[in-house]
Structure formats: C-alpha cells, structure tokens
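Participant: This is the structure alone, sequence omitted:
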C-alpha cells in the first residue's frame with residue numbers, strides 16, 4: 001500500500017480521517033505501508049503509470065501485476081477499505097474484514113482487563129493500609145487471573161494477524 005502525499009487540505013483529510021478510521025488502521029496490518037512524496041513519483045515505474053492525483057493510495061499486489069488506485073472522488077475511507085479488502089482477498093486465505101472484527105473484540109477485552117486491573121490495584125492499595133492478609137491474597141489471586149487473561153488476549157491477537165497466503 002503506497003501513499004502518495006503532498007501538502008494541503010487533502011493531505012490533512014487523508015491523515016486525520018481516512019488513515020485514522022479504525023478499519024483502515026487495523027486492516028493496514030495486512031500490508032506494508034510506504035509513503036512517497038509527490039516529487040518522487042516520477043522515479044518509480046509503478047507509481048508513475050498509475051494515477052495522477054495527489055494525495056492518492058496505490059495498492060500493489062504482491063506479484064506486482066495488478067494495481068488499484070484510490071484517488072480523487074474515490075479517495076474516501078470506504079474507497080480505501082474496499083481496495084484493501086479486494087487486494088487482500090486475492091492474496092490471503094482468511095478475510096481481513098474478519099481479522100479486523102476479531103481484533104476489535106480483543107481490544108474490548110484489553111479495555112475490560114485494564115478497568116478491572118485499576119479497580120483491584122486501588123483496592124490492594126487500601127488493603128495494604130489495613131493489613132488484612134486474607135483479602136490481600138484474594139486481590140492478588142484476581143490480579144494473577146487478569147494477567148492470564150491478558151496473555152490469552154495477546155496470543156489471540158497474534159494468531160488473528162498470522163494471515164496465510166493462498167496457495
């Protein structure tokens with residue numbers, strides 16, 4: 001995924017709206033993102049032949065045989081996401097749309113774990129003042145369980161993005 005950038009209001013729209021979209025940001029993990037400035041486009045044979053607009057995205061297939069250009073009126077979040085899912089569907093066996101949905105679930109789990117961890121740590125700090133060993137042990141056990149949930153969530157996240165190429 002090549003991003004051809006220049007300067008101006010469209011550049012800000014690309015950076016702050018299109019690339020900040022959750023689907024695009026998470027789905028970009030399936031691609032290598034390269035940023036090229038409009039002054040350097042002429043020196044690249046693929047970019048020089050594909051598209052004229054600045055800014056634009058050029059999605060190049062892994063075999064460099066097919067190219068999808070997202071520019072001008074198609075330069076929207078949904079336009080880029082559509083090009084990304086189409087390119088990924090041709091190369092990867094699992095869907096990146098499914099990977100993004102599963103990653104959202106993992107991120108929600110991270111948020112839940114972090115919230116529970118804050119509550120337990122503040123409770124532990126209060127218990128340290130009172131010196132109640134049985135309650136402290138219970139809090140420590142629950143914190144250990146949260147650490148285990150965190151590890152499982154991290155493993156799940158890694159397995160989601162182990163995208164296998166189609167053979």
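Facilitator: Structure's in. What do you need? These figures come from a predicted structure and were not determined experimentally. Numbers count the residues shown, from 1 in each chain.

Participant: the helices in this protein, which residues?
Facilitator: 9-13, 22-27, 45-49, 77-91, 96-130, 133-160 (DSSP state H).

Participant: Of those helices, give the one that comes closest to residue 166.
Facilitator: Shortest distance between residue 166 and the helices of the chain, using Cβ to Cβ, is found for helix 77-91: 6.4 Å. For every residue, glycine as well, the C-beta is placed using N, CA and C.

Participant: what comes into contact with the closest one?
Facilitator: Residues outside helix 77-91 that contact it (Cβ atoms under 8 Å, 6 or more residues apart in numbering) are 1, 17-18, 21, 23-24, 27-28, 30-31, 57, 59, 61-62, 66, 68, 70, 95-97, 163, 165-166.

Participant: just the buried members of the residues you listed?
Facilitator: 1, 18, 21, 23-24, 27-28, 30-31, 57, 59, 68, 70, 96 (16 or more other Cβ atoms under 10 Å).

Participant: re earlier: dump the helices of the chain to JSON lines, plus distance to residue 36 and mean pLDDT.
Facilitator: JSON lines is the format used below for the helices of the chain (distance: least, Cβ to Cβ, whole Å; pLDDT from 0 to 100):
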{"stretch": "helix 9-13", "distance to residue 36": "13", "mean pLDDT": "81"}
{"stretch": "helix 22-27", "distance to residue 36": "18", "mean pLDDT": "96"}
{"stretch": "helix 45-49", "distance to residue 36": "6", "mean pLDDT": "93"}
{"stretch": "helix 77-91", "distance to residue 36": "16", "mean pLDDT": "95"}
{"stretch": "helix 96-130", "distance to residue 36": "23", "mean pLDDT": "93"}
{"stretch": "helix 133-160", "distance to residue 36": "29", "mean pLDDT": "94"}
